[in-house]
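Enquirer: Sequence below, structure please.
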Amino acid sequence: SMFALTRRAHLLTRPVASLRTLASLTSPIDRTYGLTEQQIEFQQVAADFAAAELAPHAAEWDENKVFPVETLRKAAQLGFGGIYVSDEVGGTGLGRVDAAVIFEELARGCTSTAAFLTIHNMVAWMIDSFGNTEQRQKFLPSLCSMELIGSYCLTEPNAGSDAVSLQTRAKRDGDSYILNGSKAFISGGGHSDIYVVMARTGDDGPKGISTFIVEKGTPGLSFGANEKKLGWNS
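Expert: Numbers count the residues shown, from 1 in each chain. This is a model prediction of the structure:
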């Protein structure tokens with residue numbers, strides 16, 4: 001209608017100051033909807049941390065390709081290094097929904113740093129869920145404090161993240177395994193201390209894959225140059 005067209009023209013010609021005011025208005029979406037009181041509490045803790053420790057540095061980290069280890073360790077002091085890891089080994093002992101609430105708030109400060117924290121948490125959870133007692137006690141307290149930092153290593157140059165096509169091999173050699181293969185797009189690669197590596201120990205297909213904990217400094221472990229990316233550099 002003519003009224004609609006006229007009103008649209010009026011909106012588009014408002015002063016820039018008015019548009020900025022509109023952009024700064026609080027979102028009408030209630031981010032606490034459906035959350036428990038406890039979830040709202042740590043949602044606020046995560047939001048405060050993101051505003052104070054992530055958002056002011058996000059652009060600089062991305063531009064200069066900074067991996068903010070000390071900031072990650074500050075996050076771990078709030079319990080964000082092992083959110084759904086058992087508290088008996090240093091974790092926070094929360095659930096996946098709790099973690100999603102926390103990561104959503106952290107991502108408002110720096111998306112790529114928050115994304116890495118999700119990966120580190122996944123590494124810690126895998127060791128907690130599937131590792132033996134010795135492995136859990138050896139690695140998890142330091143992973144939860146982020147004294148040790150963990151990376152997840154599935155993706156490969158010729159297979160992507162398709163586990164069925166995974167080509168890295170692990171061959172038993174006495175009490176050890178020898179791993180041969182290459183991984184790609186590993187967040188934290190070269191910085192991390194612990195690498196949870198998927199490798200084939202059996203036949204081709206999804207059932208022939210095992211997972212290994214590889215520590216930085218292991219003979220034969222090497223790192224290539226970082227990929228050149230448009231963003232996602234911290």
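Enquirer: What segments of the protein are helices?
Expert: Assigned by DSSP state H, the chain shows helices spanning 2-12, 16-24, 37-49, 58-64, 69-77, 96-107, 111-130, 133-144.
Enquirer: pLDDT weak spots in the protein?
Expert: Counting by pLDDT under 70, the chain contains low-confidence residues at 1-27.
Enquirer: how about 80 then?
Expert: Across the chain, the ranges flagged by pLDDT under 80 are 1-29.
Enquirer: Make JSON lines from the helices of the chain and add mean neighbour count and distance to Gln167 to it.
Expert: All C-beta atoms are positioned from the backbone trio N, CA, C, and that covers glycine. JSON lines is the format used below for these (neighbours: other Cβ atoms under 10 Å; distance: least, Cβ to Cβ, whole Å):
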{"stretch": "helix 2-12", "mean neighbour count": "9", "distance to Gln167": "55"}
{"stretch": "helix 16-24", "mean neighbour count": "9", "distance to Gln167": "49"}
{"stretch": "helix 37-49", "mean neighbour count": "16", "distance to Gln167": "38"}
{"stretch": "helix 58-64", "mean neighbour count": "14", "distance to Gln167": "32"}
{"stretch": "helix 69-77", "mean neighbour count": "16", "distance to Gln167": "31"}
{"stretch": "helix 96-107", "mean neighbour count": "19", "distance to Gln167": "31"}
{"stretch": "helix 111-130", "mean neighbour count": "21", "distance to Gln167": "21"}
{"stretch": "helix 133-144", "mean neighbour count": "18", "distance to Gln167": "25"}
